[in-house]
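Visitor: Provided below for reference: sequence and predicted model.
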Amino acid sequence: MRLLVLIVGLITAVECSAQNDAFFYERQKMVEVQLKNRGISNDMVLSAFQLVPRHEFVLPEYKKWSYADGPLPINEGQTISQPYVVAYMTEILELKRSDQVLEIGTGSGYQAAILAQLCDSVFTIELFEELSKSATKVFRKLEYNNIYSRVGDGYLGWPEKAPFDAIIVTCSPSHVPEPLQEQLAEGGSMIIPVGAGNIQKLVLLQKKKGKIRKKDVLPVRFVPMLDERGAKY
Ligand code: SAH
């Protein structure tokens, strides 16, 4: 009898959350097909993707594609990255609950929200004020109290808050910014798309005993990192 009550209770809980969120099953499918089937295996990372409502970060006209297998346009000619790429970059950082993470390129805020599920605090910098404002609104709505956003040029990092256990860069410069390497903590990792034009590679950097080791991990395509006058780095 008790077991039956428990099962009914569980089913009701799942149905309630599905009713509260019209995209629950689409999100589950995204996790299975786009992430798990392609090799994302960290359970904490997978459950973060099951929890974060991607549709809240997408423009109204693209809502129905919120869980599609690709990037989507956001304001200022920028994009929210493909879920798989967000997951890949997150998993490779091997985050710990106590970590303090720096993100360059807040954009929609989706990547920051995923990180906020997995670590202690997320510091995120966005060049365009409008994007930073709308992402901050979503963070408040969803009660992410461990995300700190700032408008500015992320090439320079956030020296007042350094060092960071992990750094994730979601726009592409032609080289790894020196200030970001300096702001990486001992034992920390940085994932960054590096390259000119359409040819970019995701580079993983790890700081061990003060020395940086670099490894190319995946070919990718990101929007360019821009300076405050709009020129590409
Ligand atoms: N992480 C984002 C992806 C956004 S695309 C998401 O989950 O939606 C990359 C973002 O980097 C864009 O919003 C772009 O405006 C921003 N960007 C470009 N150059 C930048 C710079 N120098 N400093 C901070 N942000 C920058």
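Guide: Looks like it arrived, so ask away.
Visitor: and the residue most central in space within the chain, what element?
Guide: Centroid-nearest residue in the chain: residue 111, 1.9 Å away (criterion: Cα atoms, centre = their mean). According to DSSP states H and E, residue 111 maps onto helix 110-118.
Visitor: Averaged pLDDT, that helix. What do you get?
Guide: Regarding helix 110-118, the rounded mean pLDDT is 98.
Visitor: Run through who's touching it.
Guide: Residues from elsewhere that reach helix 110-118 (Cβ atoms under 8 Å, 6 or more residues apart in numbering): 44-45, 47-49, 51-52, 54, 57, 80-81, 86-87, 89-90, 95, 97, 99, 101, 103, 106, 122, 124, 135, 138-139, 142, 144, 146-147, 149, 168, 170. Every C-beta, even on glycine, is put in place using the N, C-alpha and C of the backbone.
Visitor: What are the phi and psi values at residue 29?
Guide: Main-chain dihedrals, residue 29, degrees, to the nearest 10: phi -70, psi -40.
Visitor: Tell me the residues of the chain that contact the ligand?
Guide: Proximity of the chain to the ligand, by Cβ under 6 Å from any ligand atom, involves residues 76, 78-81, 104-105, 107-108, 110-111, 125-128, 131, 153-155, 170-171, 223, 225-226.
Visitor: Narrow the residues you listed to those in strands?
Guide: Among the residues of the chain next to the ligand, the members found in strands (DSSP state E) are 79-80, 104, 125-126.
Visitor: that older thread, from the chain's centroid, how far away is the helix holding residue 111?
Guide: 6 Å (Cα atoms, centre = their mean, to the nearest Å).
Visitor: cool, stretch 97-114 as well?
Guide: Averaging C-alpha positions (Cα atoms, centre = their mean) puts stretch 97-114 5 Å from its chain's average.
Visitor: Next, the buried residues of stretch 67-83.
Guide: Across stretch 67-83, burial judged by 16 or more other Cβ atoms under 10 Å covers 67-68, 71-72, 74, 78-83.
Visitor: do stretch 37-56 as well
Guide: Using 16+ other Cβ under 10 Å as the test for burial, stretch 37-56 gives 40, 42, 45-46, 48-49, 52-56.
Visitor: List just the nearest of those to the ligand.
Guide: Proximity of the buried residues of stretch 37-56 to the ligand (Cβ to the nearest ligand atom) peaks at residue 54, which lies at 9.4 Å.
Visitor: Now do the same for the residue nearest to that closest one when sequence neighbours are not counted: its pLDDT.
Guide: Once flanking residues are discounted, residue 54 sits nearest to residue 66: 4.9 Å by Cβ to Cβ, 6 or more residues apart in numbering. Listed pLDDT for residue 66 reads 97.
Visitor: how about the strands of this structure, start to end?
Guide: Assigned by DSSP E, the strands in the chain fall at 72-73, 79-80, 100-104, 121-126, 147-151, 164-169, 184-194, 200-208, 211-220.
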